[in-house]
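Trainee: Take a look and give me a structure for this.
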Amino acid sequence: MNCVRFIFVLSCLWLGDSFASDPDDPLLLVELPQGKLRGRDNGNYYSYESVPYAESPTGELRFEAPKAYKQKWSETYDATQPPVVCLQWDQFTQGDNKLAGEEDCLTVSIYRPKNSSRSSFPVVAHIHGGAFMFGAASQNGHENVMREGKFILVKISYRLGPLGFASTGDSDLPGNYGLKDQRLALQWIKQNIASFGGEPENILLIGHSAGGASVHLQLLREDFAQLAKAAISFSGNALDPWVVQGGARGRAFELGRIVGCGLAADSAVLKKCLKSKTASELVTAVRNFLIFSYVPFAPFSPVIEPSDAQDAFLTQDPREVIESGKFGQVPWAVTYVTEDGGYNAALLLEDWNKSGKTVLEELNDRWFDWAPYLLFYRDSKKTIKEMDDYSRKIRQDYVGNQRFSTGNYWELQQLFTDILFKNSTQDSLDLHRKYGKSPAYAFVYDNPADRGIAQVLTSRRDVNFGTVHGDDYFLIFENVVRDPQLRPDEEIISRNFINMLADFSLSENGILKYGECVFEDNVGSEKFNLLSIDREGCENKKFVEFP
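Mentor: Got it, this is the predicted structure:
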């Protein structure tokens with residue numbers, strides 16, 4: 001996997017260097033309040049990468065809300081270097097040591113197409129996924145988007161894992177630093193994108209998985225409309241059970257114990273000790289929260305902060321925020337793919353401790369121990385009995401009295417899809433159609449990639465995984481977890497998606513279109529309006545319950 005990423009990065013660098021830049025090209029130089037920066041000419045687009053929007057979140061600024069970047073540049077800033085990966089324990093790094101990235105990473109990267117038909121462009125701001133634990137702006141390619149030349153793309157880097165989301169649930173260590181990073185980046189984009197030829201009045205915010213959930217959480221801020229005119233959450237929203245979790249305080253103190261802070265007396269003492277440790281120590285401690293493989297995939301994630309926390313981002317349950325109507329009233333779309341849960345269930349096909357049997361087989365004897373971690377209800381149930389009763393019920397609902405095996409893998413994968421993605425997508429859309437005032441749209445995608453994230457995680461081609469997490473999104477933003485060469489049907493879908501983003505960012509009345517299909521609004525609708533997208537095209541359908 002690392003080798004594949006290395007080749008991908010090298011190819012991107014080669015493509016960037018293969019075009020001779022005209023040093024006198026005025027579009028290579030951009031004037032900002034901090035001074036001048038110089039970008040790169042990539043042939044059919046310009047790039048301005050690794051532009052800081054916040055002060056380095058290190059030292060005393062670790063575990064604090066980000067501070068806006070205020071430094072002045074005495075010389076022209078070099079904006080030709082790709083963004084660094086924020087420090088993380090990366091699921092997709094092979095071997096025992098999964099540490100990757102740097103703590104000083106709060107930047108945005110801007111990509112402007114060369115399109116003589118426009119003097120300015122709408123803007124698509126992008127929040128990457130990765131379970132709030134890993135991932136990076138640089139791991140989502142932009143060649144497909146830039147080839148179409150419809151909009152300026154801005155990729156946001158933000159703090160991850162314990163550095164971005166450790167929380168004791170009080171004002172000393174409230175958490176949500178990664179979400180606060182994203183918000184500050186959005187403010188930077190709004191204030192500065194015109195200098196790159198962007199239209200600050202036409203900003204669309206999008207994200208996938210944890211990025212999609214982040215988009216939804218940003219939209220739940222009442223003033224979101226001041227930062228963007230529309231938003232799309234692909235395969236992730238604020239109501240997914242792995243997003244806003246309980247139990248964060250216990251994990252924060254356990255983090256302290258692991259790195260040598262002992263049994264800290266209170267949150268202030270813990271925070272001081274955590275600041276004294278190296279960032280690598282803190283992030284490496286993530287492995288102690290995993291019960292096997294990368295399970296649970298989001299041990300550190302957003303939390304509900306106390307109302308007295310300084311710079312608090314989220315102080316109510318997302319459901320309560322939506323029910324209050326006090327959130328960003330802009331057009332929003334939420335999506336899922338038919339087998340989203342394949343990303344999680346595929347891990348169960350791995351070899352169990354080199355025993356010759358799969359994790360899936362081992363799950364038969366450990367279901368009651370592992371299921372609460374796999375499906376993120378360990379901290380939402382009040383008693384062990386309540387937790388066990390729920391574990392028993394969902395197993396019975398999906399596989400009955402059968403033992404888990406490759407023969408009923410499909411049913412187990414559907415369980416993961418429903419509980420981790422689909423059910424909460426329906427729930428969030430239901431709340432928005434009841435309490436929202438701006439359009440709320442939804443689509444479901446069903447068109448399996450020849451090789452997707454499930455095949456990469458398992459190295460297996462003998463299992464039918466269906467349309468798995470990312471099979472749609474990575475048609476827009478290339479990613480090494482799927483085939484780089486698109487099929488003819490996928491090329492059409494890719495262009496339709498990119499045009500969908502461009503049109504949505506420009507729409508004056510919040511209309512969303514895919515190909516020849518116009519999305520139907522859900523606000524006030526008795527049934528769910530769901531656009532179905534597959535290799536044959538698109539069709540608006542109505543449902544009482546999501547299919």
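Trainee: what about the helices in the stretch 101-250 of the chain?
Mentor: Applying DSSP state H, counting those that start in this stretch to the stretch 101-250 of the chain gives helices spanning 143-148, 161-165, 177-192, 210-219, 248-258.
Trainee: most packed of those?
Mentor: Comparing the helices of the stretch 101-250 of the chain by mean neighbour count (mean count of other Cβ atoms under 10 Å), helix 210-219 comes out on top with a mean of 28. From N, CA and C alone the C-beta is placed, and that goes for glycine too.
Trainee: name the helices or strands packed onto the stretch of helix or strand Thr335 belongs to?
Mentor: Element membership of Thr335 [criterion: DSSP states H and E] is strand 332-337. On a contact count with 3 or more Cβ pairs under 8 Å, 6 or more residues apart in numbering; DSSP states H and E, strand 332-337 meets helix 210-219, strand 230-234, helix 423-435, strand 440-446.
Trainee: Pull up the pairing partners for that strand, direction included.
Mentor: Paired strands of strand 332-337, with direction, are strand 230-234 (parallel), strand 440-446 (parallel) (DSSP bridges).
Trainee: ranking those strands by burial, who's on top?
Mentor: Compared across those, strand 230-234 shows the largest average neighbour count, a mean of 27 (mean count of other Cβ under 10 Å).
Trainee: CA atoms of that one as CSV?
Mentor: This file holds the C-alpha atoms of strand 230-234, laid out as CSV (Å, rounded to 0.1, in the frame of the first residue of the first chain):
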residue,chain,number,x,y,z
ALA,A,230,-24.5,25.0,-0.1
ALA,A,231,-23.1,21.7,1.1
ILE,A,232,-22.9,18.0,0.3
SER,A,233,-22.2,15.1,2.7
PHE,A,234,-21.1,11.9,0.9
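Trainee: Look at the nearest residue to Gln455 once chain neighbours are set aside and give its secondary structure.
Mentor: Distance criterion Cβ to Cβ, 6 or more residues apart in numbering; nearest residue to Gln455, sequence neighbours excluded, is Arg461 at 6.3 Å. Arg461 falls in the coil class when you classify it by DSSP: H, G, I helix; E, B strand; the rest coil.
Trainee: Go ahead and confirm Arg461 touches Ala454.
Mentor: No: with contact defined as Cβ atoms under 8 Å, Arg461 does not count as touching Ala454 (10.3 Å).
Trainee: In terms of neighbours, single out the busier of the two.
Mentor: Just comparing Arg461 and Ala454: by other Cβ atoms under 10 Å the higher neighbour count belongs to Ala454, 29 against 10.
Trainee: Let me see the confidence value for that one.
Mentor: On pLDDT, Ala454 comes in at 90.
Trainee: Equivalent analysis for the one 4 residues further on, please.
Mentor: On the pLDDT scale, Thr458 is placed at 85.
Trainee: Likewise for Pro484?
Mentor: At Pro484, the model reports a pLDDT of 82.
Trainee: how far away is it from Glu478?
Mentor: As judged by Cβ to Cβ, to the nearest Å, Pro484 and Glu478 stand 6 Å apart.
Trainee: Please identify which of these two sits among more neighbours.
Mentor: Using other Cβ under 10 Å, the more surrounded residue of Pro484 and Glu478 is Glu478, with 21 against 14.
Trainee: That one: what secondary structure?
Mentor: Under the three-state scheme (three-state DSSP), the conformation of Glu478 reads as coil.
Trainee: could you dump the helices and strands packed on strand 332-337 to a markdown table with distance to Arg535?
Mentor: As requested, the helices and strands packed on strand 332-337 are arranged in a markdown table below (distance: least, Cβ to Cβ, whole Å):
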| stretch | distance to Arg535 |
| --- | --- |
| helix 210-219 | 23 |
| strand 230-234 | 18 |
| helix 423-435 | 22 |
| strand 440-446 | 9 |
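Trainee: returning to that earlier point: out of the helices of the stretch 101-250 of the chain, flag the one nearest Gly35.
Mentor: The closest approach between Gly35 and any of the helices of the stretch 101-250 of the chain, judged by Cβ to Cβ, belongs to helix 177-192 at 12.5 Å.
Trainee: how much space between Ser494 and Asn42?
Mentor: Between Ser494 and Asn42 the distance is 19 Å, computed by Cβ to Cβ.
Trainee: again with Pro484
Mentor: Taking Cβ to Cβ, one finds Pro484 at 18 Å from Asn42.
Trainee: coming back round to it: can you pull out the residues in contact with whichever helix or strand comes after the strand holding Thr335?
Mentor: Where DSSP H and E defines the elements, the next helix or strand beyond strand 332-337 is helix 342-345. By Cβ atoms under 8 Å, 6 or more residues apart in numbering, the residues outside helix 342-345 that reach it are 297, 374, 409, 412-413, 415-417, 420, 452-454, 457, 465-466, 468-470.
Trainee: Go through whichever helix or strand comes after helix 342-345 and flag the buried ones.
Mentor: Note on helix 342-345: by DSSP H and E, the next helix or strand toward the C-terminus is helix 359-374. Within helix 359-374, the residues scored as buried using 16 or more other Cβ atoms under 10 Å are 359-363, 367, 370-374.
Trainee: how about a markdown table for those residues, with pLDDT added?
Mentor: Below are the buried residues of helix 359-374 laid out as a markdown table (pLDDT from 0 to 100):
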| residue | pLDDT |
| --- | --- |
| Val359 | 92 |
| Leu360 | 92 |
| Glu361 | 92 |
| Glu362 | 93 |
| Leu363 | 95 |
| Trp367 | 96 |
| Trp370 | 97 |
| Ala371 | 97 |
| Pro372 | 97 |
| Tyr373 | 96 |
| Leu374 | 97 |
